[in-house]
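Peer 1: below is the sequence, then the predicted model.
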Amino acid sequence: MLLRMSNLFVRTLREVPADAELPGHRALLRAGYVRPAGSGVHSWLPLGYRVLRNVERIIREEMDAMGAQEVHFPALLPREPYERSGRWDDYGDNLFRLKDRRGNDHLLAPTHEEMFTLLVKDLYGSYRDLPLSIYQIQTKYRDEARPRAGLLRSREFLMKDSYSFDVDDAGLEASYQAHRAAYVRTFDRLRLDYVVVSAMSGAMGGSGSEEFLCPTPVGEDTYVRSPGGYAANAEAVVTPVPEPVPYDDVPEAHVEDTPDTPTIETLVAFANEHFPRPDRAWDAADTLKNVVVMVHHPDGTHEPLVIGVPGDRDVDPRRLAAQLEPSEVAPFTDEDFERDPGLTKGYLGPQVLGKGSATGIRYLVDPRIVEGTRWVTGANEHGHHVFDLVCGRDFTPDGTIEAAEVRDGDPAPDGSGPLELARGIEIGHIFQLGRKYAEALDLQVQDEHGELVTVTMGSYGIGVSRAVAAIAETTVDDLGLCWPRVVAPADVHLVVAGKSDDIVAGAERLTAELVDAGVRVLLDDRSKERPGVKFKDAELIGVPTIVVVGRGLAEGTIEVKDRRTGAREDVALADAVEHLRRLTMTG
RNA sequence: CGGGAUGUAGCGCAGCUUGGUUAGCGCGCCUCGUUCGGGACGAGGAGGCCGGCGGUUCGAAUCCGCCCAUCCCGACCA
């Protein structure tokens, strides 16, 4: 393989396009790998398209190796199957919808569960046909409310999605594990750093859903990890439950005047001024914060819900939403407060909350709020708070909920040490779907007794274009891109540093020999460019090995430089092909 | 969808406050010459509906209104 800079369709930019924020995305633009074509959509130039296809190829090889078979669906789909699964409505504004000339509804698929399910239903009807794993590499569309971060959150993107079909749970588990292992191999080969985090919370548990996150500060997902190896999406972190606390010596709860203290901050300041205690100052952790939300259920009904958390923590809306799925959470508005006179905004306390209480409103608390813990909290009267309110003595919550924010230093649920918050890019997601789509679309097979059983499914995704972006973001340096060899657009970037006939002829000869030896070469044979420009471009483009044929040639040597480490060595021309061939074999 | 910012040559920007001949600078691009191992220099060029529409005015890149687009923060993101 040989690419010549003299005719390669590329233009490197010395200056950075103003719209690009992330370092990797900037380098991709500057090096001429991609061009923005609109908000959240990109065109791929020859260099970028090579990288994309390399990533695609590795994913395809690993999927094939685990026994999955490649298929290809349309990106443009009719409404009907999505109507049947409920997603025409459920997907909301993120679904690209369009009408054809006859006025029929269509969509640009954001993912293809329905089509895979229907195709299997179309062809298969026996347990003997299963298990089956099929996949595609396909352009997906999501009308993101806010596309951002270049290739990381775009409206059109390339995705590998696969689906497994099994007759029973054990089969699904096996298919899931096979995919998981294939993903591990895939990301290892791509040289992508990753952590596997459980993506669903306690109740669903186990291996139901895991995300592969590429750790980087530019990532959008927050996860936690511990020194002992625990890792989880922040939404899935389970809070260790403390032991109950004895409270025999806690005085009776007593209401105090606390005017103008509607926030935790004002309350703590007031308590320290007017009710100082001898041993230590009051702080936010002594208070119980009660947050009201409105929960909208899928059946169209809605109810208020109060969440109690220690006052030094906020409710994490994403954790809360994950807990209440499939119901949706909305803020509790001033109008809602007017309709519910039992709730005193800013001075809400648990005495009037819970099933069987004055309001009857459901009251769930953070797991740290165990029996015997004592709190300063609202007295349900404007300008008043209650002190020494003991959980289990003075109030009883309806249950606990994992809704409080997770913080650096919180203990890991498995006792493996303090948690550290980190950010990552979601590059893969594996998911035991179960029978949701099979039921909605009536996918059944006959088992060995001739009984019809509903098939159980898994779905597994890898963001292909996102993986390219993740590699760029995690390998870019001050000089430019820095590709792992497996995905790089070439093995060797050969710079012709000089215009003499000897140098040009020597470079051409070496190039021809390298190509013959199976080395992929990007040859900078531009006669108009001075060496300095070529060196800068080579570093920007990020091919892993840079070879300079220039002034050393007179002594029979060329220069070989490692793009990542910057280490350079002179190699005798006679040994050059073998040296480079070996380099490219070892990666 | 809320908040903020920005639209002037392929890219990066100035000009706009205080309206007035031909709209400027750097990079890139074309031609010629000198240069030639770390983004050279000189000379000469090409390239613009100043985001769009409407208004004010003798006159609008500049002032006003509406719209559109892009980016950032947030909401959102199986």
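Peer 2: Arrived safely.
Peer 1: how about the helices in chain A?
Peer 2: A:23-30, A:46-65, A:80-85, A:87-90, A:113-123, A:169-189, A:264-274, A:317-324, A:334-339, A:436-440, A:464-475, A:501-516, A:531-541, A:573-586 (DSSP state H).
Peer 1: nearest to RNA strand B, out of the ones you listed?
Peer 2: helix A:531-541 (2.5 Å; C-beta to the nearest atom of the strand). Any C-beta I mention is one placed from the backbone N, CA and C, and that applies to glycine too.
Peer 1: going by mean pLDDT, which of the helices of chain A comes out lowest?
Peer 2: Here the lowest mean pLDDT among the helices of chain A goes to helix A:334-339, at a mean of 72.
Peer 1: what sits up against that helix?
Peer 2: Applying C-beta atoms under 8 Å, 6 or more residues apart in numbering, the contact partners of helix A:334-339 are A:292, A:294, A:304, A:343, A:345.
Peer 1: list just the nearest of these to RNA strand B.
Peer 2: Lowest distance from RNA strand B to the contacts of helix A:334-339 (C-beta to the nearest atom of the strand) belongs to A:Met294, with 13.0 Å.
Peer 1: contact partners for that closest one?
Peer 2: Contacts of A:Met294 (C-beta under 8 Å, 6+ apart): A:302-305, A:329-333, A:336.
Peer 1: list the buried residues in stretch A:414-434.
Peer 2: For stretch A:414-434, burial by neighbour count (16 or more other C-beta atoms under 10 Å) applies to A:419, A:422, A:424-434.
Peer 1: with just CA atoms, put that stretch into CSV.
Peer 2: Provided in CSV are the C-alpha atoms of stretch A:414-434 (Å, rounded to 0.1, in the frame of the first residue of the first chain):
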residue,chain,number,x,y,z
ASP,A,414,-17.7,-4.3,48.0
GLY,A,415,-15.3,-2.9,50.6
SER,A,416,-12.5,-2.4,48.1
GLY,A,417,-11.7,1.1,49.2
PRO,A,418,-12.6,4.7,48.7
LEU,A,419,-14.3,5.6,45.4
GLU,A,420,-12.8,7.9,42.9
LEU,A,421,-14.9,9.7,40.4
ALA,A,422,-13.6,9.6,36.8
ARG,A,423,-14.9,10.4,33.3
GLY,A,424,-15.0,8.2,30.3
ILE,A,425,-16.3,7.8,26.8
GLU,A,426,-18.8,5.0,26.3
ILE,A,427,-17.3,2.9,23.5
GLY,A,428,-19.3,-0.3,24.0
HIS,A,429,-22.5,-1.4,25.7
ILE,A,430,-23.7,-5.0,26.2
PHE,A,431,-27.2,-5.6,27.4
GLN,A,432,-29.4,-8.5,28.2
LEU,A,433,-32.6,-7.3,26.7
GLY,A,434,-34.7,-10.3,27.6
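Peer 1: which pair in the contacts of helix A:334-339 spans the largest distance?
Peer 2: A:Met294 and A:Lys345 (14.0 Å; C-beta to C-beta).
Peer 1: per-residue pLDDT of the residue nearest to the spatial centre of chain A, please?
Peer 2: In chain A, the C-alpha nearest the mean C-alpha coordinate belongs to A:Glu426, at 2.3 Å (C-alpha atoms, centre = their mean). On pLDDT, A:Glu426 comes in at 92.
Peer 1: I'd say it and A:Asp221 touch.
Peer 2: Yes: the pair A:Glu426 and A:Asp221 passes the contact test of C-beta atoms under 8 Å, sitting 5.3 Å apart.
Peer 1: overlap in contacts of those two?
Peer 2: With contacts taken as C-beta under 8 Å, 6+ apart, A:Glu426 and A:Asp221 have A:211, A:213 as neighbours in common.
Peer 1: distance of the residue in the stretch 151-300 of chain A that RNA strand B sits nearest to relative to A:Val464?
Peer 2: Proximity of the stretch 151-300 of chain A to RNA strand B (C-beta to the nearest atom of the strand) peaks at A:Glu220, 5.6 Å away. The gap separating A:Glu220 from A:Val464 is 17 Å, by C-beta to C-beta, to the nearest Å.
Peer 1: also A:Val329?
Peer 2: Using C-beta to C-beta, we find A:Val329 at a distance of 33 Å from A:Val464.
Peer 1: returning to what we had before: so for A:Arg101, which of the helices of chain A sits nearest?
Peer 2: That would be helix A:80-85 among these, by C-beta to C-beta, at 17.8 Å.
Peer 1: sorry, back to before: how about the contacts of A:Met294 in CSV, adding distance to RNA strand B and neighbour count?
Peer 2: Shown next, in CSV, are the contacts of A:Met294 (distance: C-beta to the nearest atom of the strand, whole Å; neighbours: other C-beta atoms under 10 Å):
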residue, distance to RNA strand B, neighbour count
A:His302, 16, 14
A:Glu303, 18, 13
A:Pro304, 18, 20
A:Leu305, 15, 23
A:Val329, 7, 20
A:Ala330, 9, 11
A:Pro331, 9, 11
A:Phe332, 14, 19
A:Thr333, 14, 11
A:Asp336, 17, 17
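Peer 1: let's have those residues in TSV, adding distance to A:Leu172.
Peer 2: Converted to TSV, these look like this (distance: C-beta to C-beta, whole Å):
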residue	distance to A:Leu172
A:His302	34
A:Glu303	34
A:Pro304	38
A:Leu305	33
A:Val329	30
A:Ala330	35
A:Pro331	38
A:Phe332	40
A:Thr333	43
A:Asp336	42
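Peer 1: A:Tyr347 - how many residues pack around it?
Peer 2: When neighbours are defined as other C-beta atoms under 10 Å, A:Tyr347 has 21 of them.
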